[in-house]
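>>> Let's see this in three dimensions:
(one chain, ligands or ions: 1)
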Amino acid sequence: MILVIGANGQLGTVLTQALRGSYGADKVVASDIMKRESNTGLFEVIDATNFKRIEEVVKQYKVTEIYHLAAILSANAESNRIRSWEINTKTLLNVLEVSRLNKVEKVFYPSSIAVFGKNAPRIKTPNNVSLNPETVYGISKVDGENWGQYYYNKYDLDVRSIRYPGVISYQSLPGGGTTDYAVDIYHKAVLNEKYSCYLTKDTTLPMIFIDDVIRATLQLMEASKEQINIRTSYNVSGLSFSPEEVAKEIRKRISNFEIEYIPDFRQEIAANWPVSIDDSCAYNDWGWQSEYNLSDITKVMLSKLRNQYK
Ligand code: AKB
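Alright, predicted model coming up:
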């Protein structure tokens, strides 16, 4: 029995459906801080800062696996430090502790490329480098990775994790991240509006398409225990591009698409993140390989969003 915490977020919306597709609708309980009209199937309201509530649901459904996705992303976290600690760190500790006490066997925790700071090589950033993030969000993700490893070492709780790049999806919007522009830009393009980008045109960041994200996550979680050699978090790469490169790709399909560049505080966050990621550990341990390039992503994003805005 699987519990998804943060099921209404950018990742949770799609991952919940994928898990239901793989394991059956009656095997996956979705949960979030509020229920939406679009929530179908098994759903529980959970505020993950509330240990007792998580435990109640875990006991009620005899949960054996938790995907803990609730988080405040990098841009928003900068102005909400205490709340970010509560949502990004305390909720994870709650999940790990509830799991330890209630025989949950496996936990998935999403980390991020935000764990890397100025000291890490920015090109092909390796899995195992010193992590000195300079953002609230990055600090919380390093913390989370270490807590996961701690519960694995100390209690044999099977915690697994991926450092996600910026996720590009059409199903729902990201909220409050530094990489959000790579989703917003497609919405503006489809609406025939000019896009005002908060990063400089040549800021290249690691990104990944939602289908690759879901495949990577399920592949990691389905790998045998012996295949998992990293208990902090795995680097996973999709592709890397800059705002100018997406704009060019969009113009191949919408020739009059316009973009302007007005960098704000998010530029400084992006400037300390990797340009590209070395994901050879994920490839060697559980066979990870991405499938989507920028042209594929642009084609799918524009066509799916056109249908949504019809
Ligand atoms: C963000 O921009 O904060 C996230 C991330 C890279 O983790 N998308």
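>>> rest of the way, CA atoms for contacts and neighbours
Will do.
>>> Look up how far the ligand lies from the spatially closest residue to residue 129 that is not a sequence neighbour.
Computed as Cα to Cα, 6 or more residues apart in numbering, the closest residue to residue 129 that is not its neighbour in sequence is residue 120, at 6.3 Å. Residue 120 sits 16 Å away from the ligand, going by Cα to the nearest ligand atom, to the nearest Å.
>>> show me what contacts residue 120?
129-132, 274 (Cα atoms under 8 Å, 6 or more residues apart in numbering).
>>> From the ligand, how far out is residue 293?
Remark: distance between residue 293 and the ligand (Cα to the nearest ligand atom) = 18 Å.
>>> Repeat that for residue 291.
Counting by Cα to the nearest ligand atom, the gap between residue 291 and the ligand amounts to 19 Å.
>>> looking at this, that residue is in a helix?
No - counting by DSSP: H, G, I helix; E, B strand; the rest coil, residue 291 falls outside a helix, being coil.
>>> Just confirm residue 282 contacts residue 235, I think it does.
Yes - the pair residue 282 / residue 235 is scored as a contact, 6.7 Å apart, by Cα atoms under 8 Å.
>>> What ranges does the stretch 51-200 of the chain have for its strands?
Ranges of strands in the stretch 51-200 of the chain, per DSSP state E, counting those that start in this stretch, are 65-68, 106-112, 158-164, 166-168, 195-197.
>>> tell me the most buried of the ones you listed?
Highest mean neighbour count of the strands of the stretch 51-200 of the chain: strand 166-168, a mean of 26 (counted as mean count of other Cα atoms under 10 Å).
>>> Just give the strands next to that strand in its sheet, each with its orientation.
When pairing is defined by DSSP bridges, strand 166-168 lines up against strand 205-209 (parallel).
>>> who touches the partner strand?
113, 164-169, 179, 237-242, 270, 273-277, 292, 297.
>>> what separates that strand from the chain centre, distance-wise?
Strand 205-209 sits 11 Å away from the centroid of its parent chain (Cα atoms, centre = their mean, to the nearest Å).
>>> Which strands or helices does the helix or strand following it pack on?
The helix or strand immediately downstream of strand 205-209 is helix 210-222, counting by DSSP states H and E. Helix 210-222 sits against helix 10-23, strand 158-164, strand 166-168, with contacts defined as 3 or more Cα pairs under 8 Å, 6 or more residues apart in numbering; DSSP states H and E.
>>> Tell me which residues of helix 210-222 come out buried.
210-218, 220-221 (16 or more other Cα atoms under 10 Å).
>>> Could you export those to CSV, including columns for distance to the ligand?
Listed next are these as CSV, based on distance: Cα to the nearest ligand atom, whole Å:
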residue, distance to the ligand
210, 12
211, 15
212, 15
213, 12
214, 15
215, 17
216, 15
217, 15
218, 18
220, 18
221, 19
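>>> JSON lines please, covering these and showing pLDDT.
Shown next, in JSON lines, are those (pLDDT from 0 to 100):
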{"residue": "210", "pLDDT": "98"}
{"residue": "211", "pLDDT": "98"}
{"residue": "212", "pLDDT": "98"}
{"residue": "213", "pLDDT": "98"}
{"residue": "214", "pLDDT": "98"}
{"residue": "215", "pLDDT": "98"}
{"residue": "216", "pLDDT": "98"}
{"residue": "217", "pLDDT": "98"}
{"residue": "218", "pLDDT": "98"}
{"residue": "220", "pLDDT": "98"}
{"residue": "221", "pLDDT": "98"}
